[in-house]
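Colleague: how does the following fold in three dimensions:
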Amino acid sequence: MTNSAATTLPSQVKKTQSRSERSERKKRSAKALERAEQAENTEDLQDANASMNTNRNVFADKKNVMWVLLSGAMALTFVVMLFLPDTGMGGGLISTYAAMLWCGFFGASLWRYRSANGWAGFAYGSVVGLIIQFISQII
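Modeller: Down below sits the predicted model:
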């Protein structure tokens, strides 16, 4: 015995689809395509934001040694100018402010690099800059 009664006869198979079924299928495929495009756009946007955030984090990162090096170089420049004759940094009040300011910046960046309080580093650096300026006047 065969199960011929369970199979449909060719005359009973629906050969054409109705217009509404075709339009529904087109709408679903269009929506799926649109969702795929939106997913690609959001992934591209997230990748772009991630790369921009890493660039921004370079400047906000407390462990970035570049700030320590830059502020140390500026502090060293002003301290050396204190000891050189005819540089314009000899005995004026500006020389005291410059030494305190740049040594303070160096202290703050060094303390922040060490994960300590930057204000304390600025205070210590300013005191060191003031002492260096007094020593430069004696020598």
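Colleague: helices along the protein, start to end?
Modeller: For the chain, applying DSSP state H gives helices covering 19-60, 65-83, 93-113, 118-138.
Colleague: reformat those helices as JSON lines; add mean pLDDT and mean neighbour count.
Modeller: In short, each C-beta sits where N, CA and C put it, glycine included. Formatted as JSON lines, the helices of the chain follow (pLDDT from 0 to 100; neighbours: other CB atoms under 10 Å):
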{"stretch": "helix 19-60", "mean pLDDT": "73", "mean neighbour count": "10"}
{"stretch": "helix 65-83", "mean pLDDT": "88", "mean neighbour count": "16"}
{"stretch": "helix 93-113", "mean pLDDT": "88", "mean neighbour count": "21"}
{"stretch": "helix 118-138", "mean pLDDT": "91", "mean neighbour count": "17"}
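Colleague: can you pull the contacts of the spatially closest residue to Gly107 that is not a sequence neighbour?
Modeller: Using CB to CB, 6 or more residues apart in numbering and skipping the chain neighbours, the partner closest in space to Gly107 is Gly125 (2.3 Å). Gly125 makes contact with 75, 100, 103-108, 110, according to CB atoms under 8 Å, 6 or more residues apart in numbering.
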